[in-house]
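> Structure for this input, please:
(one chain, ligands or ions: 1)
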Amino acid sequence: MTRKPFVVANWKMNGSLKANDEWLSAAMPQMSGTRLACDVAVCAPFIYLPQLVIGFEHSATLVGAQNCAQYAQGAYTGEVSAAMLADIGCDLVILGHSERRTLFGETDETVAGKVKLAFDNGVMPIVCVGETLEEREAGRTIEVVSRQLRAVLDKVGILPLVSGALAYEPLWAIGTGKSASAKDAQAVHEALRAVLAEVDQEAAQRTRILYGGSVKAKNASELFAQPDIDGALVGGASLKAEDFLAICHCADSL
Ligand code: 13P
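Predicted structure coming up:
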């Protein structure tokens, strides 16, 4: 089974109209049409999504949000629903990022509910799982990420993950410059695929599992060479178009 590599930029709470335009101008010569062989997405703060939807009009690049509401609609001041994301042409949404789980109190249950709303509205979810340093050192990595994944599978099944992606992001590797080794990341990805296979063998083989946590052009090729690492979710190194494209080219040359 060959899965098409998928490289996703997560800008987090960064950017401005001007900086985003500069990013687009720098990237479009290499991103227009289907110049990149891998699948590519850029996930930006809500308010900049229309700018990216228009900016990537002539590109195969997908546009993603970084969160959506856990409710369908109504009196939820300040929230943005999955239906609204679909309405403005947003293709996908990152859900369950560790920054949402740890800083904004999202539980396995809220994440699973959001995945259902996104998928039901035609927005592909990128579901994040990952362990803390303390959990890793206690030998609980596989237990923790399997629990996070099963909460989603139990609620919505595997199809939303086949349409979007699963992302393994160890918390201790995010923004620290300390990536998991390719071998350690592969071991977790393999375990995650085994959990997916408990639900559906064939769909598990089709699901892309991305690695996130200090991915840069200099470690991307080794990560992408692992049999169960199907791409990357890139934070810091996605803020400059050239750095992000360099990672996309590593995926293209697989
Ligand atoms: P960094 O690439 O900055 O470590 O961030 C990873 C991440 O959280 C992507 O979602």
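
> Can you dump the C-alpha atoms of stretch 204-216 in PDB for me?
Extracted as PDB, the C-alpha positions of stretch 204-216 are listed here (Å, rounded to 0.1, in the frame of the first residue of the first chain):
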ATOM      1  CA  ALA A 204      -5.800   1.400   8.500                       C
ATOM      2  CA  GLN A 205      -3.500   0.900   5.500                       C
ATOM      3  CA  ARG A 206      -5.000   3.900   3.800                       C
ATOM      4  CA  THR A 207      -4.800   6.200   6.700                       C
ATOM      5  CA  ARG A 208      -2.000   8.700   6.700                       C
ATOM      6  CA  ILE A 209      -0.200   9.100  10.000                       C
ATOM      7  CA  LEU A 210       1.800  12.400  10.200                       C
ATOM      8  CA  TYR A 211       4.600  13.100  12.600                       C
ATOM      9  CA  GLY A 212       4.800  16.500  14.300                       C
ATOM     10  CA  GLY A 213       7.400  18.000  16.600                       C
ATOM     11  CA  SER A 214      10.400  20.000  15.500                       C
ATOM     12  CA  VAL A 215      10.300  18.800  11.900                       C
ATOM     13  CA  LYS A 216      12.800  20.700   9.700                       C
END
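
> Return the set of buried residues in it.
Neighbour-count burial for stretch 204-216 flags 204, 207-216 (criterion: 16 or more other CB atoms under 10 Å). For glycine as for every other residue, the C-beta is placed from the backbone atoms N, C-alpha and C.

> Keep only those of those residues that are in helices.
residue 204 (DSSP state H).

> can you give me the helices for the stretch 101-250 of the chain?
Listed in chain order, the helices of the stretch 101-250 of the chain (DSSP state H, counting those that start in this stretch) span 108-120, 133-137, 141-156, 159-163, 182-199, 201-206, 217-224, 241-252.

> Can I get these in TSV including distance to residue 174 and mean pLDDT?
TSV is the format used below for the helices of the stretch 101-250 of the chain (distance: least, CB to CB, whole Å; pLDDT from 0 to 100):
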stretch	distance to residue 174	mean pLDDT
helix 108-120	17	98
helix 133-137	11	95
helix 141-156	14	98
helix 159-163	21	98
helix 182-199	13	98
helix 201-206	25	98
helix 217-224	14	97
helix 241-252	16	96
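
> For these, give me JSON lines that also has distance to residue 38.
Output for these, formatted as JSON lines (distance: least, CB to CB, whole Å):
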{"stretch": "helix 108-120", "distance to residue 38": "22"}
{"stretch": "helix 133-137", "distance to residue 38": "29"}
{"stretch": "helix 141-156", "distance to residue 38": "24"}
{"stretch": "helix 159-163", "distance to residue 38": "17"}
{"stretch": "helix 182-199", "distance to residue 38": "17"}
{"stretch": "helix 201-206", "distance to residue 38": "16"}
{"stretch": "helix 217-224", "distance to residue 38": "9"}
{"stretch": "helix 241-252", "distance to residue 38": "4"}
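
> Compare the ones you listed and report which one is nearest to residue 27.
In terms of CB to CB, the element of the helices of the stretch 101-250 of the chain nearest to residue 27 is helix 241-252, at 4.0 Å.

> Residues contacting the closest one, please?
Residues from elsewhere that reach helix 241-252 (CB atoms under 8 Å, 6 or more residues apart in numbering): 5-7, 9, 23-24, 26-27, 30-31, 36-38, 40, 215-217, 220-221, 224, 231-232, 234, 237-238.

> Done for today, thanks.
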